[in-house]
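**Student:** task: produce atomic coordinates for the following.
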Amino acid sequence: MYRNEDIQGAVYEKLLTKLLSCCDTVQCVTRDEDDTFFEPIMEALVDRRYVTAWPITKLGPGAAPVLQYTFHYNFQVASFLKERQSSLFSWLMPYPEDWSFWRGDTCLLATCSHEQMLEMASEVSALLEDK
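**Tutor:** Numbering: from 1, shown residues only. Sure thing, here's the model as predicted:
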């Protein structure tokens, strides 16, 4: 399911909490090579690599790769996301952006912040409907 409506405020916070029950990792991209921003959650780091494609986005030919971070998705990471921004589309450069939430190799929720695009699996959509 695609949508271009931001998830924000209390709904954003509830979604991040509910995703703990179905996601095991979360990814984002950044052009900043300094890990300082991520210090509070570095113990959850799984992988850090340069990429030219990620969910919803593929860079054009000749574009410089960006850094993709993968973290275990746990309470500490969910709290970090809640404390740093108040909506999914608020994550824009210079902050890390384009957060995606995964269960194994399956992306359940992906954002493209600067384009205000959101793709989610039906089970995530159901989490939003579940009050």
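**Student:** can we go C-alpha only for contacts and neighbour counts from here?
**Tutor:** Noted.
**Student:** let me know the outermost residue of this protein.
**Tutor:** G62 (24.9 Å; CA atoms, centre = their mean).
**Student:** near V66, how many other residues are there?
**Tutor:** Around V66 sit 18 other residues, with neighbours defined as other CA atoms under 10 Å.
**Student:** list the contacts for it?
**Tutor:** V29, T30, R31, Y50, V51, T52 (CA atoms under 8 Å, 6 or more residues apart in numbering).
**Student:** which residues does it form beta bridges with?
**Tutor:** Bridge pairing for V66 (DSSP bridges) gives the partners V51.
**Student:** quick one on the thing from earlier: among the contacts of V66, which one has the most neighbours?
**Tutor:** Of all the contacts of V66, V29 has the most neighbours under the rule other CA under 10 Å, reaching 24 neighbours.
**Student:** Provide the secondary structure category for that residue.
**Tutor:** Here V29 is strand, with the state taken from DSSP: H, G, I helix; E, B strand; the rest coil.
**Student:** for it, give its distance to L108.
**Tutor:** Going from V29 to L108 by CA to CA, to the nearest Å gives 17 Å.
**Student:** tell me how many other residues crowd L128.
**Tutor:** L128 has 15 nearby residues by other CA under 10 Å.
**Student:** tell me the secondary structure for it?
**Tutor:** Strictly by three-state DSSP, L128 counts as helix.
**Student:** what sits against it?
**Tutor:** Going by CA under 8 Å, 6+ apart, L128 touches V11, L15.
**Student:** T111 versus that one, what's the distance?
**Tutor:** Noted for L128: a distance of 15 Å to T111, by CA to CA.
**Student:** same check on C22?
**Tutor:** 17 Å.
**Student:** who's more crowded, those two?
**Tutor:** Counted by other CA under 10 Å, C22 and T111 do not tie: T111 has more neighbours, with 28 against 15.
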